[in-house]
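Undergrad: model this:
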Amino acid sequence: MKFAENKRNSNFELLRIFMMFFIILNHLFVHGFSKYAGLSDLEWFFVNSFKWLGMIGNYAFMLLTGYFSVSVDKINLSSIFKLHKKYFFYSVLIGTLFFIFKFPTVANNNFELENLYKKNGFTLVSKPLSGIEYIRSFFPVIFGINWYASSFLIFMFFIPFLNKCLKICTREEHLLLMGIIIFIGSILQLVPKQQAFFPNAIFQFFMLYFIGAYIKLYGSYFCKFKKTNIIFAFLGICSIIFIQLLFLLAYRKNFISYNLLLKFSEKISTSFLTIAIAFFCFLFFEQLKKRTNKLINLIGKSTFGIYLIHDNCYFSIFLMNKILKINNGGA
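TA: Reported below is the predicted structural model:
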């Protein structure tokens, strides 16, 4: 039976589901177990070995944006408003519940969180939501209540302008553009002690958008076999784990400091390896036989809402430490 083009392709919804699972798994470790929580070296490595899964998930969602939005020729205020309405609703709902019922929460950035841990002997100290923090929940984009949603909403204003630029580019120029931005954003940033290349979230959106748009415009002719894509993705995962083991061994042998080990851990999550893994995972699902499944589509459409709830900066650590009780250090 021929697949109707107006139907929602469940392969991409299945990709969304798998990538959201990666993101949630990453958050279990980022918010449930902290690098400041007094973990041993081996415990830290086990926790940290899952963190880059979240970035693979984020990159895959960015690729989807480029793939499906490359034909957009004007700012879609309706879509932006619809997305912001959902973002605003969950932010205010969670903020209101925390403020009224005095649910305990913690500081919503790593600097404050690190100071709390150090000040209290690696014990996670929580407190009720303050009035100022509650007001912030009414401005989720400005205050980054969910960093990805905030970045994505800002990025949506750039999409039609990026597409106009891509339309005048040849395939070779598009490839060159991707090569330059990947080199700057995922390779140069690995250089130790350099201060120039620390790509932020919006930069990463640009980078992955161009790649997703390229796949849509010119096809994934370089990897047409599904098994090849899975093999490359698996090799990328093995490479990250192997490199992490090498750095852990170097630390255990006193060749590098613990701070350098932590910094490298952060950089590897945004390296070209995570881009490659997300890319080959995307190609695998893109090249599957098109199909539609109502249940998969329903679950896939709910992934953004799941993200907005579980990674809300006030709710996430409360979820991991008070409800799931992953970290027994919570007060």
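Undergrad: Only the buried residues of the helix or strand harbouring L63, if you could.
TA: If you go by DSSP states H and E, L63 is part of helix 51-69. Across helix 51-69, burial judged by 16 or more other CB atoms under 10 Å covers 51-67, 69. Placement of C-beta: from N, CA and C, glycine included.
Undergrad: Tell me where the stretch 201-331 of the chain has helices.
TA: 201-218, 226-252, 258-268, 272-286, 294-301, 303-310, 316-318 (DSSP state H, counting those that start in this stretch).
Undergrad: Lowest average pLDDT across those helices?
TA: The minimum mean pLDDT among the helices of the stretch 201-331 of the chain belongs to helix 258-268 (a mean of 74).
Undergrad: just to revisit the earlier point, would you put the C-alpha positions of the helix holding L63 in PDB?
TA: Provided in PDB are the C-alpha atoms of helix 51-69 (Å, rounded to 0.1, in the frame of the first residue of the first chain):
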ATOM      1  CA  LYS A  51      25.100  12.500  30.000                       C
ATOM      2  CA  TRP A  52      26.000  12.900  26.300                       C
ATOM      3  CA  LEU A  53      22.900  10.800  25.400                       C
ATOM      4  CA  GLY A  54      20.800  13.900  26.200                       C
ATOM      5  CA  MET A  55      22.700  16.000  23.700                       C
ATOM      6  CA  ILE A  56      22.300  13.300  21.000                       C
ATOM      7  CA  GLY A  57      18.500  13.600  21.700                       C
ATOM      8  CA  ASN A  58      18.700  17.400  21.400                       C
ATOM      9  CA  TYR A  59      20.600  17.200  18.200                       C
ATOM     10  CA  ALA A  60      18.200  14.800  16.700                       C
ATOM     11  CA  PHE A  61      15.300  17.200  17.500                       C
ATOM     12  CA  MET A  62      17.300  20.000  15.800                       C
ATOM     13  CA  LEU A  63      17.800  17.800  12.700                       C
ATOM     14  CA  LEU A  64      14.100  17.300  12.600                       C
ATOM     15  CA  THR A  65      13.500  21.000  12.600                       C
ATOM     16  CA  GLY A  66      15.800  21.500   9.700                       C
ATOM     17  CA  TYR A  67      14.300  18.600   7.800                       C
ATOM     18  CA  PHE A  68      10.700  19.800   8.100                       C
ATOM     19  CA  SER A  69      11.200  23.600   8.100                       C
END
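Undergrad: quick check: angle from that helix to helix 303-310?
TA: 140 degrees (axes from the mean of the first three to the mean of the last three CA atoms, to 10 degrees).
Undergrad: what does the helix or strand following helix 51-69 contact?
TA: Where DSSP H and E defines the elements, the next helix or strand beyond helix 51-69 is helix 77-101. Applying CB atoms under 8 Å, 6 or more residues apart in numbering, the contact partners of helix 77-101 are 103, 105, 128-129, 131, 133-134, 136-138, 140-141, 145-146, 149, 152-153, 156-157, 304-305, 308-309, 312, 314-315, 318.
Undergrad: Run a quick neighbour tally on N254.
TA: 7 (other CB atoms under 10 Å).
Undergrad: Distance of it relative to L295?
TA: Between N254 and L295 the computed distance is 53 Å (CB to CB, to the nearest Å).
Undergrad: How many residues are close by I256?
TA: By the criterion of other CB under 10 Å, I256 has 17 neighbours.
Undergrad: give me every residue that touches it.
TA: Counted by CB under 8 Å, 6+ apart, I256 has contacts F247, A250.
Undergrad: where does it fall, phi/psi-wise?
TA: When quoted as degrees, to the nearest 10, the phi and psi of I256 stand at phi -130, psi 160.
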